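# with the sequence up front, the predicted model follows.
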There are 2 protein chains.
Amino acid sequence: MSRWSPNSRGRLEQAAYELFLGQGYEQTTVADIAKRAGLTERTFFRHYADKREVLFGGSAALQDQLLRELDRLPSTLPTIEAVRIAVEAIASLLHGRRALARERQRIVAAHADLQERELIKRATLTAALAQALQRRGVPEPAASLAADMGIGVFYVGFGHWLTDPADRELVEIVHEGFDQLKAVASGI
Amino acid sequence: MSRWSPNSRGRLEQAAYELFLGQGYEQTTVADIAKRAGLTERTFFRHYADKREVLFGGSAALQDQLLRELDRLPSTLPTIEAVRIAVEAIASLLHGRRALARERQRIVAAHADLQERELIKRATLTAALAQALQRRGVPEPAASLAADMGIGVFYVGFGHWLTDPADRELVEIVHEGFDQLKAVASGI
């Protein structure tokens, strides 16, 4: 974003997580984060509205990726297949980030307001997907149901990924999730 | 609940909605509600923690009904069929309440904190259903996916019910929703 501080956003995120884990989320100020990242508070606020936003800053990227992926898929694909490919694309964004995601989950689980924000982000993502499907010509309620299912598979998979002892990547868990969704929906 | 005020809960709910609609949600106090219902504030607080709770007081009843219905179903039923019957049972609780549900929706849509609470109630209902399915012996992630789908069909159907020009009952819309879910999931 700013030419004089390459990857300042990534450095701020890294510094924030180190502090959240080391001294606790509540005890960490924006000043602490900026200092640890070797940047100014002003730079922090160019990237994030507040420290809470550091935990949720990835969700806009997820949504962009989801919709971009959907847009490039042929409209002849069955709806659920298009949703599957788009959701797998966002799952792959989290490749190699499980340790970070686990720590994030621990912080979110300990704060009611963060849990609420998480639910809002999920609802926003679902609504964006439903609208994108409608734009592809999928009628209601199929568009809303497919969006709900797709984001549901993503979040259920995400929960399992965080605790999965087998160390599989999220994209693999999500891929299986769609098979399981089909099996459950067809009454197997 | 109290012998000397039959159906005080229903009267409070009725009075609250009349006031929310007439003078606005924000302008309405617990004292106003109690007065209009011909009851004391003390009686109000025996039924509801605050005025917000009037809007969400039905969700505990929905959850109880959902789990009770599920418990009485044979465990040999395919998971999605059990979920469908249980979700239809809660949809039928809303029979004849569409006008009230519409007004409630209008109030919730206008207040971010109420929308958050709505999302929390949905997440709670989904988690309760997933746990009940696990107790029935449904393995993970099928239990979580089926719960997510079932509550998803309920809420998508609820949204359509509120705006449905055909005046169908929610239970009918939800019943069709499960057919549509199966069709979407199987790639039709």
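Okay, I see it.

# what parts of chain A come near chain B?
A:78-81, A:115-116, A:119-120, A:122-123, A:140-142, A:144-146, A:148-149, A:152-153, A:155-157, A:159-160, A:177, A:180-188 (C-beta under 8 Å from any C-beta of the partner chain). To be clear about C-beta, it is placed using only N, CA and C from the backbone, and glycine gets the same treatment.

# can you go through the residues you listed and name the buried ones?
Among the residues of chain A next to chain B, those classed as buried by 16 or more other C-beta atoms under 10 Å in any protein chain shown are A:79-80, A:115-116, A:119-120, A:122-123, A:141-142, A:144-146, A:148-149, A:152-153, A:155-157, A:160, A:177, A:180-185.

# filter those residues down to just the ones in helices.
The helices, defined by DSSP state H, take in A:79-80, A:115-116, A:119-120, A:122-123, A:142, A:144-146, A:148-149, A:152-153, A:155-157, A:160, A:177, A:180-185 from those.

# so how far is B:R98 from A:T76?
Going from A:T76 to B:R98 by C-beta to C-beta, to the nearest Å gives 38 Å.

# so between these two, which is more surrounded?
A count of neighbours by other C-beta atoms under 10 Å in any protein chain shown puts B:R98 above the other of A:T76 and B:R98, at 16 against 7.

# so the more buried one sits right up against B:H160, yeah?
No - judged on C-beta atoms under 8 Å, B:R98 makes no contact with B:H160 at a distance of 11.5 Å.

# domain boundaries for chain A, per the record?
A:8-53, A:57-185 (automatic domain parsing).

# can you put those domains in TSV and add distance to B:T28?
Below are the domains of chain A laid out as TSV (distance: least, C-beta to C-beta, whole Å):
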stretch	distance to B:T28
domain A:8-53	31
domain A:57-185	24
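
# mind listing what's buried in stretch A:166-176?
Neighbour counts over stretch A:166-176 (16+ other C-beta under 10 Å) mark A:169-175 as buried.

# tell me the centre residue of chain A?
Centroid check for chain A by C-alpha atoms, centre = their mean gives A:S59 as the closest residue, at 4.6 Å.

# and for A:W161, nearest residue in space, chain neighbours not counted?
For A:W161, ignoring the flanking residues on the chain, the nearest one in space by C-beta to C-beta, 6 or more residues apart in numbering or on different chains is A:L170 at 4.4 Å.

# so who does the one you found touch?
Going by C-beta atoms under 8 Å, 6 or more residues apart in numbering or on different chains, A:L170 touches A:91-92, A:94-95, A:98, A:157-158, A:161.

# which helices and strands sit right next to the helix or strand hosting A:Q65?
Using DSSP states H and E, A:Q65 sits in helix A:58-71. Helix A:58-71 sits against helix A:79-93, helix A:112-135, with contacts defined as 3 or more C-beta pairs under 8 Å, 6 or more residues apart in numbering or on different chains; DSSP states H and E.

# of these, which stretch is the most buried?
Most buried of the helices and strands packed on helix A:58-71 by mean neighbour count (mean count of other C-beta atoms under 10 Å in any protein chain shown) is helix A:79-93; its value is a mean of 22.

# which SS state does the residue nearest to A:D113 when sequence neighbours are not counted fall under?
Once flanking residues are discounted, A:D113 sits nearest to A:R52: 7.7 Å by C-beta to C-beta, 6+ apart. Counting by DSSP: H, G, I helix; E, B strand; the rest coil, the backbone at A:R52 sits in helix.

# my guess is A:R52 contacts A:R117, does it?
Yes - if you go by C-beta under 8 Å, A:R52 and A:R117 touch, sitting 7.0 Å apart.

# could you list the low-pLDDT ranges of chain A?
Counting by pLDDT under 70, chain A shows low-confidence ranges at A:1-5, A:188.

# and with 80 instead?
A:1-6, A:188 (pLDDT under 80).
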